[in-house]
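Novice: Could you look at this predicted model? Sequence included:
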Amino acid sequence: MSQEHQDPDLHALSDEGGKIVAEELDILRRIQERLEREAQNAPGQIEDLDAQLIELRDALAEAKEEDQASLVEQMHQVAALSRTRGQGRDAPVDPNNPYFGHLRLREAKSKRLRDVLVGKRTLLDDGDGLSIVDWRNAPVSRLYYRYEEDDEYEEEFDSRSLEGTVMIRRSVAVMESSLRRVSAPQGTFVSDRRGRWRDAVGAAKPMLEGGVGTAVRVPQGQLGVHGDDDQPRADKHLQEITALIDKEQFNLITQPESGIVLIQGGAGSGKTTVALHRVAYLAYQDRRRFAPSKMLIMVFNEALVEYIRHVLPALGIDGVPVTTYRKWSTQLLRKLKLRIPISHIDGVPDAVSRFKKHPVVLRMIDDRIGWQLEEAEELLKKRLGERAGAEAAFAVWKRNTDLPPVVRAERTLDQIKADVSIPGPARAAAETALRAIRDDLRDVCDDWLELMTDSDALRTALREYAPGAFNDADVATIVRWCAAKAELDEEPEPEERDEDEPDEPRSEPSIDSEPAPPKGEAEPEGEDGEGDAPLPARTRMGHHSVGLDPEDDAILLRLLQRKYGGLFLGGKRFEYEHIVIDEAQDLAPLEVRVLLDCATDGQSVTIAGDRAQKMIFDNGFVDWPQLLGDAGLPHVAIQPLKITYRSTRQVMELSRFVLGPLHSPEDALIAREGAPVGYYQFGDTGEAVAFLAEALRALIQREPTASCALVTRYPQQADVYYDALRIAEVPKLRRVGRQDFSFTPGIDVTDIRQVKGLEFDYVVLLDPTSQNYPEVIESRHLLHIGATRAAHQLWMVCSGPPSKLIPEDLIVASLE
Ligand SMILES: Nc1ncnc2c1ncn2[C@@H]1O[C@H](COP(=O)(O)OP(=O)(O)OP(=O)(O)O)[C@@H](O)[C@H]1O
């Protein structure tokens, strides 16, 4: 039911709170009345925006100086509205949820007061001083995102300065036509469905100044702190993150369209949020260039693909492809129709995988192309000999130095063919040589194979570019494993598959090919040398190394890019106007480089990541400067996001402790207060299950809309907990094993590799024992990732000797 049909009850609010809410209710009523009037009076009528623009322009010509800036701003709004017309984006303002921000501005010159509402659509001022601006319409929305209440503002609008004071700045939540929340500097006020208003608990937003709300006290042993209407938490219902984007985030979102924006931020600081809003912002600024199909969002796993696909429509950018690197590269290679079948195997030996992701491969590709060009030149010279015209023919080749090698050979061939000033015999000799050169340069499959099987060249490159990174045994393993791939050349090309067809089961990153839990000793570190081990598990399981390794994709794509000057499909360059690379720390520099070279001129790219959340440990990533250098971008500035929005201070403190030396102590912790992290020690799994079952049943009863993740180290352990909790009749229980999260309320039982990038109200880390999380770098990263998935509360339930990565005082407190 809409708020206008019921009398709001403001009695529980202070005078100031009551005044603020009454004011917002009045504004919403006026907007809704206007929308209703417009819908009734002129159904289907499209405003004549051109006429309005002309009217405004005329008015501007005669306007007094103090009125000019606001007229220019109105023209901006009309122009923005007119730009979006006919592009499926001219949907009217949604009366159920018309806006999410409110600014009251007092213009410096005219002293006039105006109420500007910020939403997802535009509604022009019809004379009553109320308008809605689209948040992506930067000139106006900048005021909302950049200024606080009482700030003086000065912004340029079409080279005119707009100055004044922000009298009011509030964020509001309108749900199903009713005002449900108002956040102002004076407080946050929330209403229940019946229109009863009250102050929110735990409403304070984490701020750089360190201002935080009151700690939420939770009785020990009780999971869940909020969620019912009697104790509404302001942050529980925040669906409109767009309303809450902070100044730093907004500055990143609205960075110039060209160039690379690299965002480094801790867990839950809004990196993905910023990247997605940037895509929406760019699409709004230039709909034609940044059409959804011309952009790409690259994420870490299938769960994130699913999640992001769900949020794109709300941002107005439905249709932007969202994918994982592996899926993208596989589909692309299939379309590029190389002469080897593009199908993958896994079980690649560590040394091979590590080598193929190592930046040394980028150098080796460049060197190889350099030699090939030198050889090509020798061949051309030799064939031309001393005959008349040889010099002229050779000069054509030299003139084309800047072209990519294959294009250079083709262009030179065409030019020489057409150049009748070169005597016939020289032309013929050059043509024969250039055809051979071109055919040789074109064959990237040979390059790829030779790069990894020429052990002398391999040793020399490793000695020069990566001394100490690989030992002799590694080289032997690499050569042996890769040599078997020569058979690929002889296999017939498989039938072409449909773009939407699911990928082959084994071609995904090895997210679910986690080894079994260790039986006795701690798991060895992945980085340890492979030694002279026999060929790996796959061989024993009946597979062999014929088939591409997942890491080969980027190598083949890079070879094509270097040799052809880009990737070409059907004669057209395959490229994107904007690329988002999320969780970039888990890509190899080579993979990043391939993606960057798929961006159109100007390289409009957003890279987001967090060095503390590394999950792939053999990809050659050390830190951003090194990744950028390896990927050919040494001068990109790293833009930090410093406020933690997802997790509480308590969760973040634990997560930082877990990181140990991997955490930079100079990074201040800015996060809201929350419930203490709970650590519960049990003698065995049965006891832990009994405790958990009770807590979870109570949670689901109290907070039916809560999302909770129970996270083990290994998938097999998740099976055990799931089976036991099911027997204990815990409701809404799901076993998630292959990234198939439903993003609906309930309890997901899963392993730690599945939850990367995701968010849950509650997280319970199951069995953080020393065996599951030994004191090694990988455990630190994994435990950090698991803990920081929690938005409200984190528990650890442990039925074995606790990991050394868990703070001693937490364990001691639990025993008291
Ligand atoms: N300015 C903001 N105000 C309130 N909430 C925010 C803000 N920015 C982001 N959030 C919320 O914080 C949470 C974390 O955001 P997001 O997933 O973008 O972070 P991230 O940095 O990508 O996290 P991670 O690296 O851990 O995956 C989300 O719930 C998001 O909606």
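Specialist: Great, that's in hand. Residues are numbered from 1 along each chain as shown.
Novice: In the stretch 1-150 of the chain, what residue comes closest to the ligand?
Specialist: For the stretch 1-150 of the chain, the residue closest to the ligand is residue 145, as judged by Cβ to the nearest ligand atom, at 9.7 Å. Bear in mind the C-beta positions are built from the backbone N, C-alpha and C, glycine included.
Novice: after the lowest-mean-pLDDT helix or strand in the chain comes which helix or strand?
Specialist: Here the helix or strand of the chain ranked lowest by mean pLDDT, DSSP states H and E is helix 537-540, holding a mean of 36. Remark: after helix 537-540, the chain's next helix or strand is helix 552-564, criterion DSSP states H and E.
Novice: Count the neighbours of residue 386 for me.
Specialist: By the measure other Cβ atoms under 10 Å, the count of residues near residue 386 is 6.
Novice: which residues touch stretch 137-145?
Specialist: 73, 76-77, 80, 101, 103, 105, 116, 118, 122, 133-135, 153, 155, 157, 166, 169, 245-247, 250, 254, 281, 284-285 (Cβ atoms under 8 Å, 6 or more residues apart in numbering).
Novice: For it, list every residue counted as buried.
Specialist: In terms of neighbour count (16 or more other Cβ atoms under 10 Å), stretch 137-145 has its buried residues at 137, 138, 139, 140, 141, 142, 143, 144, 145.
Novice: How about stretch 30-42?
Specialist: For stretch 30-42, using 16+ other Cβ under 10 Å, the buried residues are 31, 32, 34, 35, 38.
Novice: hey, C-alpha coordinates of stretch 635-649 in CSV?
Specialist: Taking Å, rounded to 0.1, in the frame of the first residue of the first chain, the C-alpha atoms of stretch 635-649 are listed here in CSV:
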residue,chain,number,x,y,z
HIS,A,635,52.8,4.4,-15.6
VAL,A,636,49.2,3.7,-14.4
ALA,A,637,48.4,5.2,-11.1
ILE,A,638,46.9,2.9,-8.4
GLN,A,639,43.7,4.3,-7.0
PRO,A,640,42.9,3.1,-3.5
LEU,A,641,39.5,2.5,-1.9
LYS,A,642,39.9,2.7,1.8
ILE,A,643,36.5,2.3,3.5
THR,A,644,35.3,-1.2,4.2
TYR,A,645,31.6,-1.3,3.5
ARG,A,646,30.8,-5.0,3.7
SER,A,647,32.3,-6.2,6.9
THR,A,648,32.4,-4.8,10.4
ARG,A,649,35.5,-3.6,12.3
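Novice: Quick check: residues of the chain near the ligand?
Specialist: 241, 244-246, 249, 265, 267-273, 610, 613, 645-646, 757, 759, 788 (Cβ under 6 Å from any ligand atom).
Novice: Please narrow those to those residing in helices.
Specialist: With DSSP state H as the criterion, helices contain 249, 271, 272, 273 from among the residues of the chain next to the ligand.
Novice: For the ligand, give me its nearest residue in the stretch 501-650 of the chain.
Specialist: Counting by Cβ to the nearest ligand atom, the stretch 501-650 of the chain gets nearest to the ligand through residue 645 (3.4 Å).
Novice: Go ahead and confirm that residue touches residue 269.
Specialist: Yes. Contact criterion Cβ atoms under 8 Å: residue 645 and residue 269 qualify, at 6.5 Å.
Novice: Would you map out the domains in this protein?
Specialist: 3-200, 247-345+549-641, 360-441, 649-815 (automatic domain parsing).
Novice: now those as a markdown table including mean pLDDT?
Specialist: As requested, the domains of the chain are arranged in a markdown table below (pLDDT from 0 to 100):
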| stretch | mean pLDDT |
| --- | --- |
| domain 3-200 | 81 |
| domain 247-345+549-641 | 92 |
| domain 360-441 | 96 |
| domain 649-815 | 94 |
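Novice: Three-state assignment for residue 398, please.
Specialist: Under DSSP: H, G, I helix; E, B strand; the rest coil, the three-state class of residue 398 is helix.
Novice: So it versus the ligand, what's the distance?
Specialist: 50 Å (Cβ to the nearest ligand atom, to the nearest Å).
Novice: start the count at 871, not 1, going forward
Specialist: From this message on, residue numbering opens at 871, which makes the last subject residue 1268.
Novice: Please report how far that residue lies from residue 1049.
Specialist: 73 Å (Cβ to Cβ, to the nearest Å).
Novice: Of the two, give the one with the bigger neighbour count.
Specialist: Set residue 1268 next to residue 1049 and count neighbours by other Cβ under 10 Å: residue 1049 wins out with 24 against 11.
Novice: about what we covered before: dump the buried residues of stretch 1007-1015 into a markdown table; add secondary structure as well.
Specialist: What follows is the buried residues of stretch 1007-1015, written out as a markdown table (three-state DSSP):
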| residue | secondary structure |
| --- | --- |
| 1007 | coil |
| 1008 | helix |
| 1009 | helix |
| 1010 | helix |
| 1011 | helix |
| 1012 | helix |
| 1013 | helix |
| 1014 | helix |
| 1015 | helix |
